[in-house]
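>>> quick one: sequence and predicted model below, then my questions.
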Amino acid sequence: MMTVTLTCKNCGSAIDVVPTKDATKVECSVCQHQMDVQFNDEHLQGILKDCPCCGRKDFYSQKDFNRKLGVMLFVIAAILSIWTYGISFIVLYLFDLILFKKLGLIAVCYKCQTIFRKVTNIKEIHGFNHEMNDRIVYSDHDFGGKPLDH
Ligand SMILES: [Zn+2]
Ligand SMILES: [Zn+2]
């Protein structure tokens, strides 16, 4: 089942939602701000074509990487390296390799930053494109799901 993580427009908190047909409003647990969502049959099957929040069709995929955890592990390895003569960095490197392989891909909406996990058609979604991002975010351009090709 696809999971959707919305960003609250009011306070910026993450709101997790599982797509259901009758979910039309999502409430932020922090500030009680309500947002409209529109799920269709494709969403229920984990297919991402239209954004349930903003209706756009432009998404990018990226590794589901937890940046905070990465930084924390690096700091721990740096401290430990004093006693282990750098061995902790090798351990961290191996750990990173295993961890990174296990990470899945997530899809993110360019327009509203909603995050989608367990997307079945993730292979159809391209990586992050700076030009597309700038045009969608700053000039409100709608690519309609067609990636920019150069
Ligand atoms: Zn909120
Ligand atoms: Zn969106």
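Cool, got the structure. Ligands and ions are numbered 1, 2, ... in the order given.

>>> would you mind listing what in the protein touches ligand 1?
Proximity of the chain to ligand 1 (C-beta under 5 Å from the ion) is limited to residues Cys8, Asn10, Cys11, Ser13, Cys28, Val30, Cys31, His33. Where you see a C-beta, it was placed from the backbone N, CA and C, and this is true even at glycine.

>>> for the fifth one, which non-adjacent residue is spatially closest?
Beyond its immediate neighbours in the sequence, the residue positioned closest to Cys28 (C-beta to C-beta, 6 or more residues apart in numbering) is Cys8, lying 4.1 Å away.

>>> could you pull up the residues touching Leu105?
Ser61, Gln62, Lys63, Asp64, Val119, Ile122 (C-beta atoms under 8 Å, 6 or more residues apart in numbering).

>>> just the element for the fifth one, please.
Same thing as Val119. Following DSSP states H and E, there is no helix or strand that holds Val119.

>>> which of the contacts of Leu105 fall within helices?
For the contacts of Leu105, not one is inside helices, with DSSP state H as the criterion.

>>> who wins for most neighbours among those residues?
Val119 (22 neighbours; other C-beta atoms under 10 Å).

>>> how much space between it and Leu148?
20 Å (C-beta to C-beta, to the nearest Å).

>>> thanks a lot, catch you later.
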